[in-house]
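Colleague: Got a sequence here, can you build the structure:
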Amino acid sequence: MKKYFKYGIGLILPLALVCAVLWWLYGIFANLTMTFLPATMVYHWWFTCIVLAGIVIAIILIGMIFSLIKPLRWIKEQIEKYIIKRIPIVSTIYNFGKEVSNSFVTDIKEGGNFPIVEIETGIGKMLGVLTDETNNIVFVISAPIPSSGFIIKTDKYKKLDMDLVDNIQINASLGKVKGNKWK
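Modeller: Here you go, the predicted model:
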């Protein structure tokens, strides 16, 4: 009985997590849709799908327009240089957002490769993600929640033949899944 219960949990839990995340995202976009929907219109579930598709198409079009039309890039740079950078709080927030988005764009251009490293400390070895190779900055993922952890600066690491997904699986499963990849 216990064996079948565990097997059932193993089958249902991943699907439940996917459904929960999709439902959460749908809720965010449904609230966004209802905010902009006129009060006289009746809300239908598929309005949210149209809004989501519209947002994705708008982002692609903005990226395409600004990458192809050089005068628009020049105007954007001038607005950054003469307006945004001169307003204290706005410039700080803008620069932070720009650095984060530039790091994602750079990682995408480079194939999204995050080297996984092993760091030896006084208490043992830890897995980390080398986020900045020039400054030797490593993000050590905390178990079991991969979105949390801590950052250290060290040049004492060894690169491993492992990808980010394997590292996250090892941490999220407390070493049970893909643990054999860490030798």
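
Colleague: Can you show me the strands along the protein?
Modeller: 116-120, 125-132, 137-141, 149-153, 157-159 (DSSP state E).

Colleague: which regions of the protein sit below the pLDDT cut-off?
Modeller: Confidence mapping of the chain against pLDDT under 70 gives the ranges 103-113, 144, 146, 179.

Colleague: other SSEs contacting the longest helix anywhere in it?
Modeller: Longest helix of the chain, by residue count under DSSP state H: helix 2-36. With contacts defined as 3 or more C-beta pairs under 8 Å, 6 or more residues apart in numbering; DSSP states H and E, the packing partners of helix 2-36 are helix 45-68. All C-beta atoms are positioned from the backbone trio N, CA, C, and that covers glycine.

Colleague: Give me the residues contacting the helix it packs on.
Modeller: 26, 29-30, 32-33, 36-37, 72-73, 76 (C-beta atoms under 8 Å, 6 or more residues apart in numbering).

Colleague: what about 10 Å?
Modeller: 25-34, 36-37, 41, 44, 72-73, 75-76, 105 (C-beta atoms under 10 Å, 6 or more residues apart in numbering).

Colleague: before we move on, what about stretch 78-88?
Modeller: Contacts for stretch 78-88 (C-beta under 10 Å, 6+ apart): 76, 90-91, 93-95, 98.

Colleague: Could you give me the buried positions within stretch 156-168?
Modeller: Using 16 or more other C-beta atoms under 10 Å as the test for burial, stretch 156-168 gives 157, 160, 162-163, 166-168.
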